[in-house]
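Enquirer: what's the 3D shape of this:
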Amino acid sequence: MQPSFNPNLGTHSLLRRSRQGALATLMMGSGDPYCSLVNVATAPDGAPVILISRLAVHTKNVLTDSRVSLMLDERAPGDPLEGARIMLSGKAEQATAENREMLRRRYLNAHPSAADYADFADFSFFVIRPSGTHLVAGFGRIVDLKPEQFLTDISDAAELLAAEQGAVDHMNEDHREALGLYATRLLGADAAEWRCSGCDPDGLDLMAAGRTLRLQFPERVTSPGGLRKMLVRLADEARAKV
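Expert: Residues are numbered from 1 along each chain as shown. Prediction:
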């Protein structure tokens, strides 16, 4: 029997794990399609975050017409068409004074090397607000989803989001063993220098050697205390696996 297909969870996981994507914008003047490769992170709700320069054609296009599409794929070995991929459509919104620091922090956690240029005057953070997505997850597994089906509800998680960076730093400084156990025993990955790059009510993001994993929580957490209990619980479960 094949495992049940959950398109909502599949899209959610691919969004959180993707670190590069193909950004499609509309050319100024002509409206012709223009596609470029960009690095990607996520906002707390899972909306894609990009850092782009005003010198780039795609940024000039976005500032003229904010409608975009973003293609993310599984990068599966062998035939690339065998892997899952999503085409997310929406509008690219430039960071504001209220959310820039949060977007910057989450992006640099996912792409540390971008710290060398993130604060240059011509670079800006944008968050892509999805209007929908088209998921292709294999033969007969094609579905269109609305944002509420794949984004994370953060309306009740203000305490957790305020404490996120402290939790990320704490895990990376004091609990690298637990991060390794999550990756190897719960997610089946090879041993590596796994570190945490973000957390949200639905799960934890892990990175090592250019690979990103998503540790989905069995239940939502919305507070620092709830996060601590969940991480201890999952560490105990990982240690119990042989």
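Enquirer: got a list of contacts for stretch 155-162?
Expert: Residues from elsewhere that reach stretch 155-162 (CB atoms under 8 Å, 6 or more residues apart in numbering): 44, 102, 154, 199, 200, 201, 221, 222, 223, 224, 226, 227. Just so you know, the C-beta spots here come from the backbone N, C-alpha and C atoms, and that holds for glycine as well.
Enquirer: Pull the most distant pair out of those residues.
Expert: 102 and 226 (20.3 Å; CB to CB).
Enquirer: one step back: out of the contacts of stretch 155-162, which are buried?
Expert: 44, 102, 154, 199, 200, 201, 221, 222, 226, 227 (16 or more other CB atoms under 10 Å).
Enquirer: what about the last one, is that helix, strand or coil?
Expert: Using DSSP: H, G, I helix; E, B strand; the rest coil, the three-state assignment for residue 227 comes out as helix.
Enquirer: did I read that right, residue 159 in a helix?
Expert: Yes - assessed by three-state DSSP, residue 159 belongs to a helix.
Enquirer: Please shift the residue numbers so they start at 591 in all later answers.
Expert: Got it, the first residue is 591 from now on, which makes the last one we talked about residue 749.
Enquirer: Need the pLDDT of it.
Expert: pLDDT, residue 749: 97.
Enquirer: Same question for the one 4 residues further on.
Expert: Confidence per residue is given as pLDDT, and for residue 753 that number is 97.
Enquirer: List the contacts of it.
Expert: Contacts of residue 753 by CB under 8 Å, 6+ apart are 814, 817.
Enquirer: what residues does the helix or strand containing residue 691 touch?
Expert: Element membership for residue 691, per DSSP states H and E: helix 690-700. Contact with helix 690-700 is made by 609, 629-634, 639, 641, 685, 704-705, 708, 715, 717, 751, 755, 758, 787-788, 795, 797, 802, as judged by CB under 8 Å, 6+ apart.
Enquirer: Next step: those restricted to strands.
Expert: With DSSP state E as the criterion, strands contain 629, 631, 632, 639, 641, 715, 717, 787, 788, 795, 797, 802 from among the contacts of helix 690-700.
Enquirer: Break down the protein into its helices, ranges please.
Expert: 597-607, 647-654, 690-700, 737-740, 748-764, 766-771, 814-830 (DSSP state H).
Enquirer: Out of the ones you listed, which is closest to residue 726?
Expert: Using CB to CB, the helices of the chain put helix 597-607 closest to residue 726, at 10.1 Å.
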